[in-house]
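*Asks:* sequence and predicted structure, then a few things I'm wondering about:
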Amino acid sequence: MAMLEVKNISKSFGGLKAMNDVSISVGQGEIVSVIGPNGAGKTTLFNLITGVYTPDTGDIKFEGSSIAGKKPNQIVDLGVARTFQNLRLFMNMTILENVLVSQHHKLKSNWLSALLRTPGYLAQEKAMREYAVEKLAFFGPRLQSFRLHQPVFVLSYANRRRTEMARAMATGAKLLLLDEPSAGMNPKETREITQIIRRMRDQGGYTILLVEHKMNLVGEISDRVVVLDYGQKIAEGSYQDVVNDPTVIEAYLGKKAEGKEETEVQKAAKMDGRTI
Amino acid sequence: MAVTSSRLDQNPQVVERTKTLAFQQNRGRNILLTLGTGLICILALWFLTGLGSAKLSQALALFAIWGVATVSLNLINGTLGILSLGHHGFMLIGGYTTALLILSDDARQRILDSGRSAMTETTVGLSVSNLFSSIGLGALTGDGSLWLRFLVAIFLGGVVAAIAGLIVGIPSLRLRGDYLAIVTFGFGEIIRLSASTRIFAPLTNGALGFAGVPSEFGKSVWWTFGFLAFTLFIISKLKYSSYGRAMESIREDEIASEAMGINLAYHKVLGFVISAFFAGIAGGLWVSWLGNARLDNFLFTLTFFFLVAISAGGTGSITGVLVGTALVIFVRQYGDPLEEIYAISRWLEFIGIILIIAGAAFLLFRSFNRSGKRLPNWAIWLFTASLFILLLGSPVFPGINLGKIGLYVFLIPFVIMPFLPNVGDKTKGVGWVVYALLGAGILTLLIGGISPGAGWLTGTFRGFGMRGIALAILLIVIMIFRPSGIVGRHEFTWSWLFREKLDEPTEEERKQDAWLTNPELNRAGGAANLEGSSEEGI
Ligand SMILES: Nc1ncnc2c1ncn2[C@@H]1O[C@H](COP(=O)(O)OP(=O)(O)O)[C@@H](O)[C@H]1O
Ligand SMILES: [Mg+2]
């Protein structure tokens, strides 16, 4: 049985069908990429899986139980965590604090014992810090040592992306949804993040569903690729099959023809803060 | 594809430092230092109360009481990031509960005898004494154990306020931002207004309130600082626990916080309940300080002053909130000379001095940077010192006539300014604001100085409400120069005091880090740029 099963979900915003009868399944230990032109509904898919939106129709199952309609934090409890396309870090908190916050939901002490620093709480706090360091170590030395205590707002863009990934990993999730993990990174950093994502699966044991625009990254690590366009799944298969699929090529080229207008719309939407 | 794996490899030194930095350090030392500081505070309080100034003791006690209120309000406003305007409502609940529970038997009898009260036999009988008697602790109802009954009463006051906090916390789950602020404001007002209605009057004695609340607790520096210490202990322990981090993450980004597994509803309501509990405690101390419980001591202005203290000191910082509270209490308790009757010429001098100070502050902190001129440190110290002397010489402290000396000292930086070398290449002159302020200030000062001799402007003027104005001006100035408050988000910590610089690289790391992040140092020839063009598209 697949770890994540998205079954025929649809979602409309007013008149816009952002997601139309899409089904996707991700098996344990797989790396699956979702690609598609801007506005295809990739982020919406993530928002539906993580409970930010509830699907109008269809169902989402994680490890056999339905998660559609659950709250985002309940879905994290079950083992699904995400990163955000536009970065949503806790800017005035330090790297370490960011990676500790995402472990808070696993804390067993109630607030009173946390406040009184009972031995049970202190042991968990210590374990949380060890776990945080372990997850940050995936990204090499650059998120360690003195950086632990730097507030996120002083970090470079690439380091912020890495921190966000570490934060999602630290939730203890089994399935990670990465929304454009290499956005804003230079080619060298992109190659590195490719390697890290593979390590996350191989050494960390995470299953990964990711949205990406950089095709060399997608080609290098994906077990399977899903293509979305206008909220519909237009292709699925290995990277080679998908990029040679005439429908996919048309979707991308067709977009290129009207390219400018689309991106303007997209930009406007982002400025409204509507795309999460 | 060859990946430069060295950039992901662990450096043993970095791993070692990470292991230490990830955990709290010097806990033993910090606890000892904190205890030591507590002892020093006790000695300082002992010394200050020993001076025998009733006014000072009152101000100190009020600082502690308002400190309990501001630190707890800051838990909602600063830590959770929710603008709550209903703190006076929680204080009212705690205050009235405390007052009702410890009122003396005489006062109760008077209420019954007056015949105008809505209170019934049952509600008048609600007291800690009766509670003690009913559970067989009648021995504790004497005068000697009033302190114990006060403790029980104020604790119950906190609990009742916390229940109210639970009720207000629930709408906070659905609303955000301004809407929620309006709801909390409305709630605070509803509490105050409904206290005098027929439903609650049997409990609150309606518009009459309670007179004769024992004031030996609220007026006592020891009791109030004891409660402040308790509040600081609980709130700071909470802030630095996993729960505190969760609350701060809600302030930073609600959506991300929820996506990282934080139960928003639980943590918001928890924050409201804890904050309201301490507001209730503050209310209990407040009625004791006042010696009575009346509705017009729980107006929205109370919350307003708390907010002024919080934003002036630094929203979110416990240290900052205490600094801000001290400032507000100083103006409130020592600002009364401002509200007295003075000759108009005296007022003019005062206004003139304020204008000059404002102009000078502008000059120092804004235009100096812009014009590329920077005063040497000693000049800045001199300026600050002269400000104090000016203040002492101003109508605020009519006894001391240092005004003129202060003025001369104060002028020195301006005299020397033209002779200072330019730092940097910006040569823009000082702004017109400075000239306008200084000009207007000097003119007003002159008119004020000449007019008594010339026989102009002979009237007097009473500065009614001048304290509030002074506070507002102070707030404006702080907000202009330090928008995040005097202390900002920083906290006083021992690690800061010892310059432990946990967030700075060692020399070794600095070299390595430069290599990691500086694009100049790790550019892989032109190849990277070429590859870049083939990255996008399919
Ligand atoms: N909350 C929302 N309200 C209205 N429209 C939305 C909302 N979220 C997404 N959309 C729209 O749904 C479409 C898909 O968006 P998105 O999933 O962000 O695309 P992408 O594939 O680029 O991530 C876009 O047209 C976007 O404007
Ligand atoms: Mg997107």
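*Replies:* Sure, I can see it. Ligands and ions are numbered 1, 2, ... in the order given.

*Asks:* in stretch A:214-226, what counts as buried?
*Replies:* For stretch A:214-226, a neighbour-count test (16 or more other CB atoms under 10 Å in any protein chain shown) marks A:Lys214, A:Met215, A:Asn216, A:Leu217, A:Val218, A:Gly219, A:Glu220, A:Ile221, A:Ser222, A:Arg224, A:Val225, A:Val226 as buried. In this view, the C-beta of every residue, glycine as well, is placed from N, C-alpha and C.

*Asks:* my guess is the fourth one meets A:Glu180, correct?
*Replies:* No - shown here, A:Leu217 and A:Glu180 do not form a contact pair, counting by CB atoms under 8 Å, at 10.0 Å.

*Asks:* could you say which helix or strand holds B:Gly284?
*Replies:* Element membership of B:Gly284, judged by DSSP states H and E, is helix B:264-290.

*Asks:* can you name the element that comes right after that helix?
*Replies:* From helix B:264-290 onward toward the C-terminus, using DSSP H and E, the following helix or strand is strand B:292-293.

*Asks:* can you give the strand pairings for that following strand, parallel or anti for each?
*Replies:* Strand B:292-293 has its sheet partners listed here by DSSP bridges as strand B:210-211 (antiparallel).

*Asks:* immediately after the strand it pairs with, which helix or strand?
*Replies:* helix B:221-239.

*Asks:* what is the orientation angle of that following helix with helix B:264-290?
*Replies:* If you take axes from the mean of the first three to the mean of the last three CA atoms, to 10 degrees, helix B:221-239 sits at 170 degrees to helix B:264-290.

*Asks:* packing partners for helix B:221-239?
*Replies:* The helices and strands touching helix B:221-239, judged by 3 or more CB pairs under 8 Å, 6 or more residues apart in numbering or on different chains; DSSP states H and E, are helix A:111-115, helix B:27-50, helix B:54-74, helix B:264-290, helix B:318-334.

*Asks:* in the chain, which spans are strands?
*Replies:* All of this refers to chain A. Taking DSSP state E as the test, the strands found in chain A are A:4-13, A:16-26, A:31-35, A:57-62, A:65-66, A:80-82, A:175-179, A:207-211, A:224-229, A:232-237.

*Asks:* my question was about chain B, not that one.
*Replies:* B:210-211, B:292-293, B:341-343, B:460-462.

*Asks:* just give me how far the third one sits from the chain centre.
*Replies:* Right, strand B:341-343. Centroid separation for strand B:341-343 versus its chain: 32 Å, with CA atoms, centre = their mean, to the nearest Å.

*Asks:* and the closest residue in space to B:Gly38 that isn't next to it in sequence, how many neighbours?
*Replies:* Nearest non-adjacent residue to B:Gly38, counting by CB to CB, 6 or more residues apart in numbering or on different chains: B:Ala229, 7.1 Å away. Other residues within reach of B:Ala229, judged by other CB atoms under 10 Å in any protein chain shown, total 16.

*Asks:* gap between B:Ala229 and B:Ile40?
*Replies:* Separation of B:Ala229 from B:Ile40 (CB to CB, to the nearest Å) stands at 13 Å.

*Asks:* and the residue of chain A nearest ligand 2?
*Replies:* A:Thr43 (3.2 Å; CB to the ion).

*Asks:* for the stretch 1-150 of chain A, which spans come out with low pLDDT?
*Replies:* Low-confidence segments of the stretch 1-150 of chain A, defined by pLDDT under 70, are absent.

*Asks:* what about stretch A:161-178, near ligand 2?
*Replies:* No - Stretch A:161-178 is not in contact with ligand 2 by CB under 5 Å from the ion; minimum separation 11.6 Å.

*Asks:* what about that stretch, near chain B?
*Replies:* Yes - for stretch A:161-178, a contact with chain B is found by CB under 8 Å from any CB of the partner chain, at A:Arg167, A:Ala168, A:Thr171.

*Asks:* among the residues you listed, who's most crowded?
*Replies:* Counting neighbours by other CB under 10 Å, A:Arg167 leads the residues of stretch A:161-178 next to chain B with 29 neighbours.

*Asks:* that residue reaches A:Asn98, doesn't it?
*Replies:* Yes - contact criterion CB under 8 Å: A:Arg167 and A:Asn98 qualify, at 5.1 Å.

*Asks:* neighbours of A:Ile24, how many?
*Replies:* Other residues close to A:Ile24 by other CB under 10 Å number 21.

*Asks:* nearest spatial neighbour of it, skipping sequence neighbours?
*Replies:* Once flanking residues are discounted, A:Ile24 sits nearest to A:Val6: 4.4 Å by CB to CB, 6+ apart.

*Asks:* and the residues of stretch A:161-178 next to chain B as JSON lines, adding distance to B:Leu101 and pLDDT?
*Replies:* Putting the residues of stretch A:161-178 next to chain B into JSON lines (distance: CB to CB, whole Å; pLDDT from 0 to 100) gives the following:
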{"residue": "A:Arg167", "distance to B:Leu101": "48", "pLDDT": "96"}
{"residue": "A:Ala168", "distance to B:Leu101": "51", "pLDDT": "96"}
{"residue": "A:Thr171", "distance to B:Leu101": "46", "pLDDT": "95"}
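
*Asks:* and those residues, which is closest to A:Asp245?
*Replies:* When the residues of stretch A:161-178 next to chain B are compared for distance to A:Asp245 (CB to CB), A:Ala168 wins out at 30.7 Å.

*Asks:* hang on, the earlier thing: and the residue of chain A closest to ligand 2, how close does it get to B:Phe298?
*Replies:* Relative to B:Phe298, A:Thr43 is positioned 48 Å away (CB to CB).

*Asks:* these two: which is more packed in?
*Replies:* Neighbour totals were compared for A:Thr43 and B:Phe298, and B:Phe298 leads with 27 against 22 (other CB under 10 Å).

*Asks:* ok, how many other residues are close to the closest residue to that one other than its chain neighbours?
*Replies:* Here the nearest residue to B:Phe298 in space, its sequence neighbours aside, is B:Leu92; by CB to CB, 6+ apart that works out to 4.0 Å. B:Leu92 has 29 neighbours, counted by other CB under 10 Å.

*Asks:* residue of the stretch 1-150 of chain B nearest ligand 1, please.
*Replies:* Nearest residue of the stretch 1-150 of chain B to ligand 1, counting by CB to the nearest ligand atom: B:Gly81, 22.6 Å away.
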